[in-house]
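# Sharing a model that was predicted from the sequence below.
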Amino acid sequence: MSSQPQPSRRSRIDPFIVMDVMRAARERTEAGREVFHLEVGQPGTKAPGPVREAARRALNRDRLGYTDALGLPELRRAISKNYHDLYGVDVPMERIAVTTGSSAGFVLAFLAAFDAGGRIAMTNPGYPCYRQIASAFAMEPVMMETGPHSRWLPVPGDIERAAAGGLDGVIVASPANPTGAVLSDQELAELIGAARQAGAVYISDEIYHGLSYGAPAGTALAVSDDVIVINSFSKYFCMTGWRVGWMVLPEALIRPVERLAQNLYIAAPSLSQHAAIAAFEARDEMEAVKDIYARNRQILLNELPKAGLTDIVPAGGAFYLYADISRFSDDSLAFARRMLDETGVAATPGLDFDQVNGHNYMRFSFAGPTEEIEAAAERLKAWLPGQAL
């Protein structure tokens with residue numbers, strides 16, 4: 001009999017494919033070959049100056065020990081003030097939990113709000129880690145199919161249909177990954193209302209807030225106090241590797257989340273928390289970075305159709321374009337590998353986000369330097385016409 005440990009059933013989840021693409025791109029770089037990074041969902045710039053300066057000060061003055069499980073009071077107060085200043089919504093700091101990135105926020109939300117066997121509605125395409133976290137916790141992802149017919153956004157009827165088999169939760173991102181779709185305030189209110197009618201907890205993923213290219217995305221907290229909101233310093237504030245985010249919780253879930261955080265994480269990284277307090281001082285710097293994303297977005301919207309990618313979600317927010325590649329391939333994973341090998345352009349196959357139709361799509365990130373976006377577009381214009389089926 002083998003003494004080797006056997007993986008648990010809960011570990012049998014799909015990989016996060018974008019991480020595999022990142023590894024392949026890194027290996028190509030290490031081999032001395034050129035790579036254009038349109039795969040990764042992270043900014044191509046440093047954390048803002050006030051954040052880096054706050055981190056230096058904290059290193060010099062603070063022993064950086066454990067913080068409260070819900071986070072530094074100063075940071076929670078700063079987040080509370082941000083809701084008042086930005087949205088005109090009053091959120092008591094007591095309802096705010098600082099987390100180890102939004103990823104920990106999703107874990108804590110699912111564990112605090114749902115039992116094993118719970119059914120959670122989510123969009124398809126959508127952020128793949130929702131369904132993988134749910135599956136690892138023996139919960140059931142219930143997919144709500146979206147597409148061009150609904151501007152890649154769910155509608156109340158999708159929640160009603162999902163609720164036919166019983167429904168415990170709904171999670172929706174706005175702006176969304178991979179499509180960049182943004183809910184209007186009315187659409188957001190209607191979805192929250194549909195979830196309430198179904199007896200389901202509504203979780204609003206707002207990690208791309210601040211990154212909209214038309215009307216700004218509204219927060220679910222302007223609609224209801226009974227929702228869970230998850231946000232992060234990773235995207236707008238360019239702090240992906242700092243691993244610090246936050247949740248806003250209904251009162252009934254504050255203590256359950258605190259107990260879970262105490263036992264699972266102890267606390268979010270202390271240095272990152274001290275630094276994040278200063279992030280809200282850096283909005284001018286961040287708006288300048290967003291202007292770069294807007295230029296990059298327009299470059300791809302102008303240039304990718306010239307390469308033959310004419311069916312592209314226009315992306316009202318985040319920093320992605322979701323493009324139909326069906327005239328070139330019906331296997332987005334193989335297409336991504338071939339594209340990286342033959343052009344050096346790294347992008348993420350739609351299969352990461354959609355197990356039904358994702359074989360026909362690719363996600364292109366425009367969060368990197370403008371010159372890299374321009375060079376990638378030129379490579380694709382030279383390569384794609386020869387790939388048509």
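Perfect, I can see it now. Everything numeric here is computed off the predicted structure, so don't read it as measured data. Numbering: from 1, shown residues only.

# measure residue 63 to residue 244 for me?
Counting by CB to CB, to the nearest Å, the gap from residue 63 to residue 244 is 18 Å. Where C-beta positions appear, they are placed from N, C-alpha and C, glycine not excepted.

# more neighbours, those two?
Taking other CB atoms under 10 Å, residue 63 and residue 244 do not tie; residue 244 has more neighbours (28 against 6).

# Do I have it right that the more buried one meets residue 269?
Yes. At 6.5 Å, residue 244 counts as touching residue 269 under the criterion of CB atoms under 8 Å.

# Can you pull the residues that touch both of the two?
residue 100 (CB atoms under 8 Å, 6 or more residues apart in numbering).

# Which elements pack onto the lengthiest helix in the chain?
Ranked by residue count and defined by DSSP state H, the top helix of the chain is helix 283-307. On a contact count with 3 or more CB pairs under 8 Å, 6 or more residues apart in numbering; DSSP states H and E, helix 283-307 meets strand 320-324, helix 370-383.

# Now these in CSV, please, with extra columns for mean pLDDT and distance to residue 171.
Shown next, in CSV, are the helices and strands packed on helix 283-307 (pLDDT from 0 to 100; distance: least, CB to CB, whole Å):
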stretch, mean pLDDT, distance to residue 171
strand 320-324, 96, 18
helix 370-383, 96, 30
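
# could you dump these to a markdown table with mean neighbour count and distance to residue 126?
What follows is the helices and strands packed on helix 283-307, written out as a markdown table (neighbours: other CB atoms under 10 Å; distance: least, CB to CB, whole Å):
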| stretch | mean neighbour count | distance to residue 126 |
| --- | --- | --- |
| strand 320-324 | 24 | 11 |
| helix 370-383 | 18 | 25 |
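
# now the ones you listed as JSON lines including distance to residue 187?
Formatted as JSON lines, the helices and strands packed on helix 283-307 follow (distance: least, CB to CB, whole Å):
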{"stretch": "strand 320-324", "distance to residue 187": "19"}
{"stretch": "helix 370-383", "distance to residue 187": "30"}
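
# and stretch 89-100, how far from the chain's centre?
Distance of stretch 89-100 from its chain centroid, counting by CA atoms, centre = their mean, to the nearest Å, is 19 Å.

# any idea how the protein splits into domains?
What automatic domain parsing lists as the domains of the chain is 9-46+284-387, 49-281.

# mind checking which of those domains is nearest residue 3?
For the domains of the chain, proximity to residue 3 was assessed by CB to CB; domain 9-46+284-387 is nearest, at 18.8 Å.

# The domains of the chain: lowest mean pLDDT?
For those, mean pLDDT drops lowest on domain 9-46+284-387, to a mean of 91.

# For the domains of the chain, give me CSV that also has distance to residue 3.
Output for the domains of the chain, formatted as CSV (distance: least, CB to CB, whole Å):
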stretch, distance to residue 3
domain 9-46+284-387, 19
domain 49-281, 25
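
# OK, contacts around the closest residue to residue 306 other than its chain neighbours?
Nearest-residue entry for residue 306: residue 381, 5.5 Å, with adjacent residues in sequence omitted and distances by CB to CB, 6 or more residues apart in numbering. Going by CB under 8 Å, 6+ apart, residue 381 touches 303, 306, 307.

# repeat for residue 202
Applying CB under 8 Å, 6+ apart, the residues near residue 202 are 169-172, 191-192, 195-196, 220, 224, 226-228.

# and the gap between it and residue 194?
For residue 202 relative to residue 194 (CB to CB), the value is 9 Å.

# shared neighbours of the two, which are they?
In contact with both residue 202 and residue 194: residue 170, using CB under 8 Å, 6+ apart.

# just to revisit the earlier point, Produce a PyMOL select command limited to the buried residues of the contacts of residue 381.
PyMOL command restricting the contacts of residue 381 to the buried ones, with burial defined by 16 or more other CB atoms under 10 Å:
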select buried, resi 303+307
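
# just curious, which of the contacts of residue 381 is nearest to residue 128?
residue 307 (26.2 Å).

# in terms of contact, does that closest one touch residue 387 like I think?
No. The criterion here is CB under 8 Å, and residue 307 misses it with residue 387 at 9.5 Å.
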